[in-house]
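>>> Provided below for reference: sequence and predicted model.
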Amino acid sequence: MDNGSTDGTWGEVQLRQCEWVRALQAPGVTVAAVRNRGAELARGRYFAFIDSDCEVGREYFREVERSLSSGDWVASGSLCALPPSPHWIERVWHRLHQQGPNPRPKYINGANLVVTREAFCRVGGFQEALITDEDVDFCARLVNHGFRFKEDPHIAAVHHGNPRSLRAFVRREAWHSIGSRRRGAAKLDKPTAMALTHLICGAATLAAALFGSWLSAPARVLLAVGGQTLMPLLAVLYRLMQGGKLENLPAALLLYHLYFDARGVVTLAALVDRHHAANMLRGSAIADESEGSPPRSSPAS
């Protein structure tokens, strides 16, 4: 399914159509809707959702059949692998979010997600109103229906579309923040709650450092730095407890600092005017393309 790509993808896949490959267009809809359109047209026992910036090996679909026929789980996949020569942002963030030998993820990334037809239809597919985080919502509904899913590293995909600049990293996390707010409008999820705590803690300690005349200069500096790094440090420690690996502590703290800043600021903006926040991020993405970033390539199913 082509979701309005601008990089020549549509023309290329049309040339490669055959009896068992169909290329269709669904421009101007959410990623969730694109995935659902693909599932409606599929005829197989299993559905595999692979984003267009991901690459899979020749044994991928054999591993899918092996995995989903060998246990009582109905969905599987794995954390996407890094491309050759990854950027430091990709490398630090990926290693932090890897889990141990027996991972128990809360969801399977939609860029590399496989599920049985029966389970997909039972839960009603993806929620098409969600801008992002449709995979988180989908896996939560699988659990609510009594289904199980399991991460399987043999179902491997390489992701070539990771952020390779701090600006792109911030924009991605801000965009995901809007998706999580739509998914859980009645309550805050853990990342959003931590992001808001980070903003409040940082603002309070910075104000105390600036206006706390009773404090010495070194104490003010320590207070300001501590307030800005407390939540990032707790997040890094949590990831390490989950089996992640630390490659560069200053880099990890910086990324989590930007992660919380992006999610916190956009969440506050969305609480005031959600549509304005979404348009702001959409405009930022368009500006990036005009500055020479690669043209958009559509997610695929």
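Alright, I've got the coordinates. These numbers were taken from a predicted model, which means no experiment stands behind them.

>>> which regions of the stretch 151-300 of the chain sit below the pLDDT cut-off?
In the predicted model, the stretch 151-300 of the chain carries pLDDT under 70 at residues 179-188, 270-300.

>>> would you list every one of the strands in it?
Per DSSP state E, counting those that start in this stretch, the stretch 151-300 of the chain carries strands over the ranges 157-159.

>>> all helices of it, in order?
Along the stretch 151-300 of the chain, counting by DSSP state H, counting those that start in this stretch, helices occupy 166-183, 190-211, 217-241, 249-290.

>>> check those helices for me and report the most buried one.
Comparing the helices of the stretch 151-300 of the chain by mean neighbour count (mean count of other CB atoms under 10 Å), helix 166-183 ranks first with a mean of 20. Any C-beta I mention is one placed from the backbone N, CA and C, and that applies to glycine too.

>>> restricting to C-alpha, output it in PDB.
Output in PDB follows, covering the C-alpha atoms of helix 166-183 (Å, rounded to 0.1, in the frame of the first residue of the first chain):
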ATOM      1  CA  LEU A 166      18.700  15.900  17.000                       C
ATOM      2  CA  ARG A 167      16.100  17.900  15.200                       C
ATOM      3  CA  ALA A 168      14.600  14.800  13.500                       C
ATOM      4  CA  PHE A 169      14.700  13.000  16.900                       C
ATOM      5  CA  VAL A 170      12.800  15.700  18.600                       C
ATOM      6  CA  ARG A 171      10.200  16.000  15.900                       C
ATOM      7  CA  ARG A 172       9.600  12.200  15.900                       C
ATOM      8  CA  GLU A 173       9.000  12.100  19.700                       C
ATOM      9  CA  ALA A 174       6.800  15.200  19.600                       C
ATOM     10  CA  TRP A 175       4.700  13.500  16.900                       C
ATOM     11  CA  HIS A 176       4.400  10.300  18.900                       C
ATOM     12  CA  SER A 177       3.200  12.400  21.900                       C
ATOM     13  CA  ILE A 178       0.200  13.600  19.900                       C
ATOM     14  CA  GLY A 179      -0.600  10.000  19.100                       C
ATOM     15  CA  SER A 180      -0.400   8.800  22.700                       C
ATOM     16  CA  ARG A 181      -2.700  11.600  23.800                       C
ATOM     17  CA  ARG A 182      -5.300  10.600  21.300                       C
ATOM     18  CA  ARG A 183      -4.900   7.000  22.300                       C
END
